[in-house]
Each structure stands twice: as C-alpha cells, then as structure tokens.
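Novice: What follows is a predicted structure for the sequence shown.
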Amino acid sequence: MGESFGGIMCLALALKLGDYIDRLVLINPASSFQNSMWPSAGPMLAQLPPDVYKYLPFVLAPIMSNPISMAWNDIDDRAPLLQQGSDLLYGLIDLAPQLAALRLVLPPETLSHRLTLLKEGSQWITPRLKDVKQRVLVLAGEKDLLIPSKAEAERLGTALPRGRTRILTDRGHALLQEAGVDLVQLMEADGFYVPTRRLSSGRASTSASDGGGASFGLPRPIQLPTAKELELDSQGFVSVINRLTSPVFYSTTADGKIVRGLLGIPVHQGPILLIGNHQFFAGDMYPMIKQFITELGVLPRGLAHPVVFAGPDALAEAGRQGGMVQEERNRNKKDANAGAAQFGGLLTTYGAVPVSGKNMHKLLEQGEIVLLYPGGAREAFKRKGEAYKIMWPGKAEFVRMAAKFGATIVPFAAIGCDEAITTHLSGKELEQLTSMLPKLPFKLSLQQSEEDNKRLRSIPAARVGVNATMEDIEAFQSPGFFTPNIPQRTYFIFRQPIPTSADTARNRAVCKAVYNKVKAEVEDGLGYLLRMRQQDPYKDLLPRLLYEASWGGKRQAPSFTP
C-alpha cells in the first residue's frame, strides 16, 4: 500500500518484484505530480525566507487535508453534543504542534529534494503503467486540493491492465487520517481483500513462490478473482451479452450420463485439456470461463491468438475485421484502442496466454485446466455458409501433448454465437463486386481498400512454423458484408472425458484415433444441441427476457431436460 509518493514507490516495486507482490492499494498516488501546480510552484516554496517558511505547514494544512475531519477521529459520537464540541476544539488545538513540527522534519533542502523525487518518479512510472500486472485498487479523495487525484484515479483505472478505482466523496489528500475512513471496509467493498490466496487450478497458495500475483498472460498459475471482482468485471457490455444469451451448460459424467451444469468435468483430477469449436468472435468464451469459476472454483487457461498480446492497435484492427469495432472515421481511434486494450486485459486476467506448444506444455505440466480451440482465428471468423463448421488442422499435436502428461481431454460443443450475424456476401464476393464499381472520390462502407488489406496482413499470426497446414486456419480475412441478428441463447455441452496416458503419446496411430474421436465428439455435440434446442421453451429472446424479468433478473429461464 502506498500513499502519495508512496504510490509511485509501490508501482515501481511491483514492476521489480513481480509475483512477490499480489495486489496494490494506491491512495491519492503522486503519479499525477506533473499535472499539478507543484512542478512550478514547489521550487519557489523552498526559496522562502526562514521567517516565512516556518508558517508554511499552517498555510498548506487546509490543502493537504480537512483539519476538522482529522480532529474528529478522537470524538466519541455517543457522547453529549456539548462534550463532542469541546473534544473537537481540543483536537484542533492539538493539531497545531504537529503542523509546527513539519518544518523541522521538512526543511527547505528536504522539500527541494522531495520535489525532485516526485518529478522524476512521476515521469518514470507513466510509460510503464501498462506493464504493472498486479491487481490495483486506486482510492482518491474527491476534494484533494494538493494534487489532481480524482482525475489521476480515472486515468490509472484505464492505464493499468487490472486497475480499479474508487472516488471518496468529500475526502482530501490525507484521507486515511480523516474520520470515517475504514481501509479494510473499502477493500472488502471491491472484493479486494483476500485472506486466502487461491490459484487457477483451484488449489490454495501457500507462498509467494507459487506465483499468481503478476503472472497474467504467462504460463504460470494465476490468482482466482474474488466473487466481488467477478461481479464487477461482469458489468457493462459483458453483463448485457450474458443477459441476452442466458447461457446454459450441460456436461457428461464418466458413465455417459448428461447432467445440467459442469459437475461431469473432473477438474480436480490432474491436468485437463478442454477442446471445442470456436464461435463467432469467441463471444461465448467469457460466460464459459465465469461458469467454471463460480461452479467449480477453477479458471481454465485459454490459449489465445497473439493479437490479444500485440497491443491495442492490432486487437482493435481484429475487431474491425470481425465487425465488432466501427471504422475510425465513425469513432475516435483512441477510444477504440482503449476499448481493445481493456478487452485484452480482461482476457489475460481470466487466464489467457499466447497460443504455442511451449505454453501449452508448461500449463499441463503444472496441472492447469487448458482451453484450446484447434480451429483458431479462422474458425472464429467464419465466412458465408460456415456456421458451426469444424475447421481443424490435420495433425494430432494436442493429443500427443496431453498424453505426455496423462491429461484428461474433455471435448465440448457450443452453439448460439455463430448465428449472431448473417453474411450476405463473402469477402471474395464483396471484393469482386467493389472492383466493378466506378472509381469514386470517397470510399463506400462496403469497399476494402489496400490500406485495409495492409492492416489485415499486419495482424500477427499464431502457431507460425508449427504446422504448414495452419496458414489458412490462422488467417484474418475480410468478413464480407453481413447484418446482425437477434441474439440467440447459447448452449454448451461437455462430452464424456477421454483419459490419456504416456503410452498414447508414443503411438502415432493411437494419437490419431483419439484426435478423430475428439473431433467426432465435438461434431456430435453440435448436432445434439441443435436438436435439443427445439425443446427449450425459452430459446427465443422475448419469452426468455420476460421470464427472467418477472423474477427480477435473479432466476435464469429454464431450458431443455437432457
């Protein structure tokens, strides 16, 4: 925890110590120093004559804090009003010697040195904020007159990958010294206080060497979010999607019985490899991850396309090609990139790491639950007429990797998101159509320029050099011309677990047979869900919304019985 200049020091230590620091609480951090009056006014204060400088603490006291609120700390609010008034007066008088002592502990030379540290520290930390991986809670006094803490908290909430802010009404710079401020209560309100660390595999952490605090985006254990953090992260756009799609989950036990929920998945029996079909723009992934956390207490580690880790420009471009982000002429590029950065931060917070054989190896070795979509970006950005089509590479590499660690493979199928759009013209058809149009002094929304194609090619590829047949699988293509549809309910079914062993890894024929079985299970799961969906009385949006609204949003609409 760090207050004011201590906030800068906390951020610097978090960068240096990594997993040895789990979380940060910053209170009116002085990273806003450059945007305050002190870079220009501060040096002049250090030059004041000694007879004037001794009164400086008394002049700055109302700026640094609320003296009345500080004096109120020692007041018993159950005492008679007259007694409370008397105690408040004496409390204010007692503050005077403390303020006078400030000139002794902060002589002009020390003040000048502190101002230099503040300037250098704020300049140093600003470009490095994006590299602070720990969860950070920023508390700011709304009426901080010393530095612009409210604006800085809002900036840090966006600049820090896992930053969360809370603005405290009517509080000043030294808010921890003010009456009525309870730090533990503030942390608990945001789900930030964690008495016991739990990691992504579900096990409790016993020491900092277990990792978890700053390993987001890396193939190492990470901390599970608290229930409150999960709730807060599910607000906004994610909450709207969840409400519109009302996801339903089914799983299959080892004896082949289909049950409602995820209890058929043996997540606490060694490493697990989840293999499924990739839907449009991976719109179903976050609800699935959330369900694993709330129902099973584990966090699947998704193997994500490198575009997630390539920065906001690349991720925003991928969103534009998928139709999820508007063109720059209709939307501020800075806003689009900020949204993309937050989306990328959300994915890594909830387990995503760059897809690669090395990362998959490390995660399975540590007993993690690994989530892999073999169809990659190609399957997520389907073309005309390809809804629910499986597009996987021909090699069984993921089976061999899973078998090396004796991991259990759980195939799964999901439907709903592939029906989010209707594609009227494929990318190739659109290109042919626009090539026949006469040259215009402006660009139509349907036209794909050379600049668009160049930006597409700049998006990083995944699994380069691993499999020559993956080129088309991993390519980002123009989605063509499409229109959005009414949101469909999403359904998941996790098929019967498939055990593997080291013997499986050594036999290519057996690996190929397991691969074919996994693929067949996913395809059969898709067929099962598409058939059974017809028995869901709330498969359509309006009846579902009306039912859930009648329960005040506290009860999910029922679905089909397996």
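Specialist: Okay, I see it.
Novice: ok, now which ones touch the spatially most central residue of the chain?
Specialist: Nearest to the geometric centre of the chain sits L346, at 1.6 Å (C-alpha atoms, centre = their mean). Contacts for L346 (C-beta atoms under 8 Å, 6 or more residues apart in numbering) come out as D233, V238, Y286. Where C-beta positions appear, they are placed from N, C-alpha and C, glycine not excepted.
Novice: Now it: which helix or strand?
Specialist: Assigned by DSSP states H and E, L346 belongs to helix 333-349.
Novice: next structured bit after that helix?
Specialist: Next along the chain after helix 333-349, taking DSSP H and E as the criterion, comes strand 353-354.
Novice: what's that following strand packed up against?
Specialist: strand 301-304 (3 or more C-beta pairs under 8 Å, 6 or more residues apart in numbering; DSSP states H and E).
Novice: Just give me how far the strand it packs on sits from the chain centre.
Specialist: Centroid separation for strand 301-304 versus its chain: 13 Å, with C-alpha atoms, centre = their mean, to the nearest Å.
Novice: residues near N516, how many?
Specialist: By other C-beta atoms under 10 Å, the residues close to N516 number 12.
Novice: can I assume it sits in a strand?
Specialist: No. Counting by DSSP: H, G, I helix; E, B strand; the rest coil, N516 is not part of a strand but helix.
Novice: pLDDT of the helix holding L346, averaged?
Specialist: The pLDDT scores in helix 333-349 average 64.
Novice: still on that earlier bit, from the contacts of L346, list just the buried residues.
Specialist: D233, Y286 (16 or more other C-beta atoms under 10 Å).
Novice: Report the lowest-confidence entry in the contacts of L346.
Specialist: Per-residue pLDDT puts V238 lowest of the contacts of L346, at 80.
Novice: where's it relative to L139, distance?
Specialist: V238 is 25 Å from L139, where distance means C-beta to C-beta, to the nearest Å.
Novice: Ok, E419 next?
Specialist: 44 Å.
Novice: If you count surrounding residues, which of these two has more?
Specialist: Shown here are E419 and L139; by other C-beta under 10 Å, L139 has more neighbours (27 against 17).
Novice: Residue ranges in the stretch 1-150 of the chain under the pLDDT threshold?
Specialist: By pLDDT under 70, the low-scoring segments of the stretch 1-150 of the chain are 53-77, 79, 81-106.
Novice: buried sites along the helix or strand containing V259?
Specialist: Assigned by DSSP H and E, V259 belongs to strand 258-260. For strand 258-260, the buried set under the neighbour-count rule, 16+ other C-beta under 10 Å, comprises I258.
Novice: Read off the pLDDT value for D452.
Specialist: At D452, the model reports a pLDDT of 56.
Novice: Repeat that for E178.
Specialist: 79.
Novice: Please identify the buried residues of the strand or helix carrying T116?
Specialist: Using DSSP H and E, T116 sits within helix 108-125. Within helix 108-125, the residues scored as buried using 16+ other C-beta under 10 Å are P108, L111, L115, L118, K119, G121, S122, I125.
Novice: hmm, back to that, determine the set of other helices and strands touching the helix or strand that comes right after the strand holding V259.
Specialist: Next along the chain after strand 258-260, taking DSSP H and E as the criterion, comes strand 272-276. Contact partners of strand 272-276 among helices and strands, from 3+ C-beta pairs under 8 Å, 6+ apart: strand 369-372, helix 397-404, strand 408-415, helix 508-532.
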